[in-house]
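1. Predicted coordinates and the sequence they were generated for:
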Amino acid sequence: MRQKAFKQANPILKLLSERGFRAYVVGGAVRDYILGRPIADVDIVTSASPEDVTELFTQTYRLSNQHQTIIVKWKGLLFELTSERGIGIEEDLKKRDFTINSLAINETGQIIDKIGGQVDLKEGILRSVDPLERMTEDPLRMLRALRFVSELGFHIEENLMNVLIMKHSLLEGVAVERIVKEFEKLIAGHYRNKALQILLNTEMYRSLIKLELTTQNIHDLQSTGSVNSKSSVLRWSMISYCLGWMDASPLKRLSLSNQLTHDVRERLRFFRIRQTKDWNSWLLYQAGLETAFDVESLRVLFHQSEESIEKILQLWEELPMKSKSDLAITGRDLLSTLKKSPGPWLKDELEWAERKVIEGECLNEKATLLDMLAKRREML
Ligand code: ATP
Ligand code: MG
């Protein structure tokens, strides 16, 4: 999302303000707007209650675990509206993690900046007011600090840095789901290597216990190319490979979704096969187009030679079929022709036929395939 969402938030602020409520865009969206960076999500803080918000807008969703927040869908985009909880915007801003995130903007474009966030943005400094208190009340912020270094290239202010060195072990108690989100963003940032160096120097990496990072892992991560893709599959495939995970099972320990774990496992499997051979029809058919493209992206990250997209696409176009369901025969056809009872042999026979078709040795026609399979059985 570019800065469009930020402009589209304005009518929401106006509407709330016309009804007599205070409303501000806050946090990361203001920071990224000022920096001219793409905006991930727009958070709004308002004096309106969740009930007021639900009444005022037609498309609203309630988050089950966050009672003060309502998601509002407005012209196809999602906005998070959080009620002030009686503390007022200035108190709210002071409670945030870093000065650069403690900014708000109202419907007239006026910026509220109580603790010098704009100066720090301009000077590229990551700072917290009272860092010991800020970091200990939610230790995840220590990893977020490195995530912002990675994304923005900022310099960590000395007092904050000292807290990171002294207190990073508190990260051991943070839910793995939260760690994983920030770590993935850290890996994808433009200044990743700078952030990884701090991870190493502060020894914070030892406190991300479920990742089981070693100094060697961190050096390996540093020497890969930069990940421009937004794809979590690609990011975690790259991480898994650098961490020496042979398959994707450690991803389960990190509470990543089954789908993501499955997709990463596929990438790693074909990435390894691809170390010893070029793409051919059968390999591409088994991998599928998306996996093949990701495998090539991984090769680029690891400074290996890459097959061109055109070449892979051409090979894909030439495949006589794209999936098992396109095969002209089914298990049922085989059972009735060969008059055998079902068993593991069935799967083998079908796969053999599938491969013959893919490799162009047999047409994908029912009679031809059945004939060929019958002959094969006679020879066995
Ligand atoms: P992104 O660009 O990835 O969305 P962000 O800074 O917007 O980064 P979010 O996780 O979306 O980060 O949080 C939105 C805002 O909420 C932050 O800018 C910050 O002000 C505040 N915030 C989020 N997490 C914390 C936290 N753990 N402690 C304090 N403030 C936080
Ligand atoms: Mg955000």
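-> Nice, I can see it. Ligands and ions are numbered 1, 2, ... in the order given.

2. Could you list the domains of this protein?
-> Residue ranges for the structural domains of the chain, counted by automatic domain parsing, are given in the record as 1-122, 124-223, 259-317, 324-379.

3. which residues touch the residue of the stretch 201-350 of the chain found nearest ligand 1?
-> Distances from the stretch 201-350 of the chain to ligand 1, computed as CB to the nearest ligand atom, single out residue 230 as the nearest residue at 11.8 Å. Quick note: C-beta positions are derived from backbone N, CA and C, even for glycine. Applying CB atoms under 8 Å, 6 or more residues apart in numbering, one finds that residue 230 lies in contact with residue 188.

4. Quick check: which element contains it?
-> Secondary structure assigned from DSSP states H and E places residue 230 in neither a helix nor a strand.

5. now do the one 5 residues further on
-> In this structure, residue 235 is located in helix 232-242 according to DSSP H and E.

6. List of residues touching that helix?
-> Among residues not part of helix 232-242, those counted as contacts by CB under 8 Å, 6+ apart are 183-184, 187-188, 217, 220-221, 224, 227, 229, 248, 250-251, 256, 260, 263-264, 267-268, 271, 294, 297-298, 301-302.

7. Would you write a ChimeraX line that selects the buried entries of those?
-> ChimeraX command restricting these to the buried ones, with burial defined by 16 or more other CB atoms under 10 Å:
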select :183,184,187,188,217,220,221,224,227,248,250,251,256,260,263,264,267,268,271,294,297,298,301,302
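
8. taking the contacts of helix 232-242 one by one, which sit in helices?
-> Secondary structure from DSSP state H places 183-184, 187-188, 217, 220-221, 250-251, 260, 263-264, 267-268, 271, 294, 297-298, 301 of these in helices.

9. overlap between those and the residues near ligand 2?
-> Intersecting these with the surroundings of ligand 2, defined as CB under 5 Å from the ion, gives nothing.

10. State the pLDDT value of the residue nearest to residue 209 when sequence neighbours are not counted.
-> Nearest in space to residue 209, with sequence neighbours left out and distances taken as CB to CB, 6 or more residues apart in numbering, is residue 172 at 5.6 Å. Residue 172 is assigned 98 on the pLDDT scale.

11. Could you do residue 251 as well?
-> Looking at residue 251, its pLDDT is 89.

12. Assess the claim that it and residue 262 are in contact.
-> No: using CB atoms under 8 Å as the test, residue 251 is too far from residue 262 to be in contact (9.5 Å).

13. tell me, what's touching the two both at once?
-> Going by CB under 8 Å, 6+ apart, no residue sits against residue 251 while also sitting against residue 262.

14. residues in contact with residue 311?
-> Taking CB under 8 Å, 6+ apart, we find residue 311 in contact with residue 279.

15. what comes up buried for the host helix or strand of it?
-> With the criterion set as DSSP H and E, the secondary-structure element containing residue 311 is helix 309-318. Judged by neighbour count using 16+ other CB under 10 Å, the buried positions of helix 309-318 are 312, 315, 316.

16. mind checking how far that helix is from the chain centre?
-> If you compare the mean C-alpha spot of helix 309-318 with that of the full chain, they lie 27 Å apart, counting by CA atoms, centre = their mean, to the nearest Å.

17. the strands in this protein, which residues?
-> Secondary structure of the chain (DSSP state E): strands located at 23-26, 42-46, 60-62, 69-74, 77-83, 103-105, 111-113, 125-126, 155-156.

18. will you turn these into TSV that also has mean neighbour count?
-> Converted to TSV, the strands of the chain look like this (neighbours: other CB atoms under 10 Å):
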stretch	mean neighbour count
strand 23-26	26
strand 42-46	23
strand 60-62	13
strand 69-74	18
strand 77-83	19
strand 103-105	25
strand 111-113	16
strand 125-126	20
strand 155-156	20
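
19. Make JSON lines out of the ones you listed and add distance to ligand 2 and mean pLDDT.
-> Below are the strands of the chain laid out as JSON lines (distance: least, CB to the ion, whole Å; pLDDT from 0 to 100):
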{"stretch": "strand 23-26", "distance to ligand 2": "10", "mean pLDDT": "96"}
{"stretch": "strand 42-46", "distance to ligand 2": "6", "mean pLDDT": "95"}
{"stretch": "strand 60-62", "distance to ligand 2": "17", "mean pLDDT": "93"}
{"stretch": "strand 69-74", "distance to ligand 2": "13", "mean pLDDT": "94"}
{"stretch": "strand 77-83", "distance to ligand 2": "9", "mean pLDDT": "93"}
{"stretch": "strand 103-105", "distance to ligand 2": "12", "mean pLDDT": "96"}
{"stretch": "strand 111-113", "distance to ligand 2": "17", "mean pLDDT": "95"}
{"stretch": "strand 125-126", "distance to ligand 2": "16", "mean pLDDT": "98"}
{"stretch": "strand 155-156", "distance to ligand 2": "20", "mean pLDDT": "98"}
